[in-house]
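Asker: starting from these lines, generate the structure:
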Amino acid sequence: MFLQFRWGVTEASSRSKSRLGGGALPTGERKKRVRPLFRNARNLLLILGALLALGSCKATVAGGEGNTLVAGAPLLGIPGGQGTNGCIDPVAGTSVVNARTFLASGGTPPPGGYTWSVSAGSVLPPGTTMDSQTGIFRGNGVSVEVGVYNFSMDVTDGSTTASAPFFFNVDTAASEGGTCKAGVFEQIPQPTDQLPPAAVKGSYGASLFVVVGGGGSAAALPLSWSLGSGTLPPGMTIDSVSGIVRGNPPVSASGQSYSFTITVTDQNGKVAACPSGGVCPSYFLSAF
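Answerer: You can find the predicted model right below:
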């Protein structure tokens, strides 16, 4: 029912571009004599000092107290191939949107998590809405329309923005055997999920997955996220509202791998099912 994804397939973009460029000398300008770079020992020492200083720099970005982006840290991105489906029953006059969380990772997410919005020039499919803080795509109470919809979403961490295409496919009850099939409230339908690695001393973020469901099987929003079992890297936590693993792992976490499960509960206390034989999926996260 739902298209699977891999975190390794990431599509990201940055709003900033380098303004450095090259080109020929303007017409009529004389070529100047090039002096030796290492004229003396003093110049050599100055250059070496500058290079060492550059190597120790960290780029501080907006998006939360103490958040930094360090060399090798994952850039803000969105896994490709994300989407869901819906169904309409013309006879009964009902429709179903199988709601789910859309995923992002990287960057420097603030305590409130990432912020989602519809990309410029794009529109959400009829009968749907998207929660800007939790990344939950769901129905808005208006009947959906049969068709294949493609739209684009932006996600930001307060400093950078990533964009990616999404899909929403709507069939009729007749094409689904006469009855619209509603998704149930459950966790990711696979036994394990490898999250992007975390760079020590830098900010980290990765959103987690849940099928919110549709119709009478859907969870009652808002959801609450928590650690089920296992261990998170030190300095990291699961945001209870947005469902994002975030934090700043220390140097002591470098080279270590961690595994954990999660618990997702709706506002009525209903717990998301674990579809892999009743065993909740394990998330794996390494630090470097």
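Asker: how close does the most centrally placed residue in the chain get to residue 200?
Answerer: Centrality entry for the chain: nearest residue to the mean C-alpha point is residue 104, 0.5 Å, by Cα atoms, centre = their mean. Applying Cβ to Cβ, to the nearest Å, the value for residue 104 to residue 200 is 21 Å. Placement of C-beta: from N, CA and C, glycine included.
Asker: could you do residue 158 as well?
Answerer: 22 Å.
Asker: what do you get for residue 215?
Answerer: 45 Å.
Asker: more crowded one of the two?
Answerer: residue 200 (22 against 17; other Cβ atoms under 10 Å).
Asker: list the buried residues for stretch 234-243?
Answerer: 235, 236, 238, 239, 242, 243 (16 or more other Cβ atoms under 10 Å).
Asker: isn't the fourth one right next to residue 111, touching?
Answerer: Yep, that's residue 239 we're talking about. Yes. The pair residue 239 / residue 111 is scored as a contact, 7.1 Å apart, by Cβ atoms under 8 Å.
Asker: overlap in contacts, these two.
Answerer: Counting by Cβ atoms under 8 Å, 6 or more residues apart in numbering, the shared contacts of residue 239 and residue 111 are residue 246.
Asker: give me the nearest residue to residue 103, chain neighbours excluded.
Answerer: residue 207 (4.9 Å; Cβ to Cβ, 6 or more residues apart in numbering).
Asker: just give the number of residues close to the one you found.
Answerer: Neighbours around residue 207, by other Cβ under 10 Å: 26.
Asker: how much space between it and residue 170?
Answerer: With the distance defined as Cβ to Cβ, residue 207 ends up 25 Å from residue 170.
Asker: how about residue 104?
Answerer: Per Cβ to Cβ, residue 104 is found 25 Å from residue 170.
Asker: neighbours of the closest residue to the residue nearest to the centre of the chain other than its chain neighbours, just the number please.
Answerer: Spatial nearest neighbour of residue 104, chain neighbours left out: residue 155 (4.4 Å); criterion: Cβ to Cβ, 6+ apart. For residue 155, the count of nearby residues is 28 (other Cβ under 10 Å).
Asker: again, but for the one 5 residues further on
Answerer: The number of residues packed around residue 160, counting by other Cβ under 10 Å, is 22.
Asker: ok, the residue lying closest to it once chain neighbours are set aside - contacts?
Answerer: Once flanking residues are discounted, residue 160 sits nearest to residue 76: 4.9 Å by Cβ to Cβ, 6+ apart. For residue 76, the contact set (Cβ under 8 Å, 6+ apart) comprises 12, 14, 104, 105, 106, 107, 155, 156, 157, 160, 161, 162.
Asker: let me know the closest of these to residue 149.
Answerer: residue 155 (19.0 Å; Cβ to Cβ).
Asker: that closest one in helix, strand or coil?
Answerer: Secondary structure, DSSP: H, G, I helix; E, B strand; the rest coil: residue 155 is strand.
Asker: and it, what does it touch?
Answerer: Residue 155 neighbours (Cβ under 8 Å, 6+ apart): 76, 78, 104, 114, 115, 116, 117, 135, 161, 162, 163.
Asker: of those residues, buried ones?
Answerer: For the contacts of residue 155, buried by 16+ other Cβ under 10 Å: 76, 78, 104, 114, 115, 116, 135, 161, 162, 163.
Asker: ok, so of these, who is nearest residue 262?
Answerer: Comparing those against residue 262 with Cβ to Cβ picks out residue 135 as the nearest, at 15.2 Å.
Asker: beta partners of the closest residue in space to residue 224 that isn't next to it in sequence?
Answerer: Spatial nearest neighbour of residue 224, chain neighbours left out: residue 265 (4.8 Å); criterion: Cβ to Cβ, 6+ apart. Going by DSSP bridges, residue 265 is paired in beta bridges with residue 224, residue 271.
Asker: give me the number of residues near residue 265?
Answerer: Using other Cβ under 10 Å, residue 265 has 18 neighbouring residues.
Asker: looking at it now. What's its pLDDT?
Answerer: At residue 265, the model reports a pLDDT of 97.
Asker: for residue 215, same thing?
Answerer: With respect to pLDDT, residue 215 scores 85.
Asker: contacting residues for the closest residue to it other than its chain neighbours?
Answerer: Nearest residue to residue 215, sequence neighbours excluded (Cβ to Cβ, 6+ apart): residue 182, at 3.6 Å. By Cβ under 8 Å, 6+ apart, the residues touching residue 182 are 96, 98, 213, 214, 215, 216, 217, 218.
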